[in-house]
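Asks: The sequence isn't on hand, but the structure is:
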């Protein structure tokens with residue numbers, strides 16, 4: 001009788017652990033809001049000297065050298081006329097395994113911008129040095145602004 005009670009208790013504990021582990025997340029947060037909503041909130045919350053211009057998808061894909069087939073949606077905004085480094089780009093990939101590809105494209109863009117602005121407009125370098133590149137599941141965000149901490153705060157407001 002005592003053995004049955006122990007076995008039943010062990011089974012109940014094992015089942016509870018299984019249920020709880022099935023409900024737990026892996027620790028990664030995800031953003032489910034549309035990319036244009038995230039980009040707009042960043043632009044509304046941060047100060048940019050000039051309005052940012054949205055790039056059409058094909059132009060954005062060329063700029064970042066991305067295959068549009070891996071993207072579910074995107075919202076890419078760049079500074080007017082190339083005189084400022086300000087930029088807000090938000091992508092959602094169809095398959096989370098492609099997030100690394102987009103992240104690397106964003107990192108490459110920042111490195112290219114650093115090389116361009118270093119001698120052209122060195123005042124923009126602090127923005128590029130502190131560019132925010134964040135991956136949340138299938139969503140990748142690049143924000144180049146004068147307030148990277150505020151950008152991170154806005155991004156975290158979308159995380160679930």
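Replies: Yep, it's here. All of these numbers come straight from a predicted model, not from anything done at the bench.
Asks: give the contact list for the nearest residue to residue 85 once chain neighbours are set aside.
Replies: Counting by CB to CB, 6 or more residues apart in numbering, residue 124 is the residue found nearest to residue 85 once chain neighbours are left out, at 4.1 Å. C-beta coordinates here come from the backbone N, C-alpha and C atoms, glycine included. Applying CB atoms under 8 Å, 6 or more residues apart in numbering, we find residue 124 in contact with 84-85, 117.
Asks: so residue 124 sits in a helix?
Replies: Yes. Counting by DSSP: H, G, I helix; E, B strand; the rest coil, residue 124 is located in a helix.
Asks: which residues in this structure form strands?
Replies: Counting by DSSP state E, the chain has strands at residues 53-54, 71-78, 87-93, 132-136, 139-144.
Asks: quick one on the thing from earlier: could you measure from the residue nearest to residue 85 over to residue 51?
Replies: To residue 51, residue 124 is 17 Å away according to CB to CB, to the nearest Å.
Asks: follow-up on the earlier one: could I get the strands of the chain as JSON lines with mean pLDDT, mean neighbour count and distance to residue 63?
Replies: As requested, these are exported to JSON lines (pLDDT from 0 to 100; neighbours: other CB atoms under 10 Å; distance: least, CB to CB, whole Å):
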{"stretch": "strand 53-54", "mean pLDDT": "96", "mean neighbour count": "14", "distance to residue 63": "12"}
{"stretch": "strand 71-78", "mean pLDDT": "97", "mean neighbour count": "20", "distance to residue 63": "7"}
{"stretch": "strand 87-93", "mean pLDDT": "98", "mean neighbour count": "26", "distance to residue 63": "9"}
{"stretch": "strand 132-136", "mean pLDDT": "96", "mean neighbour count": "19", "distance to residue 63": "15"}
{"stretch": "strand 139-144", "mean pLDDT": "98", "mean neighbour count": "26", "distance to residue 63": "11"}
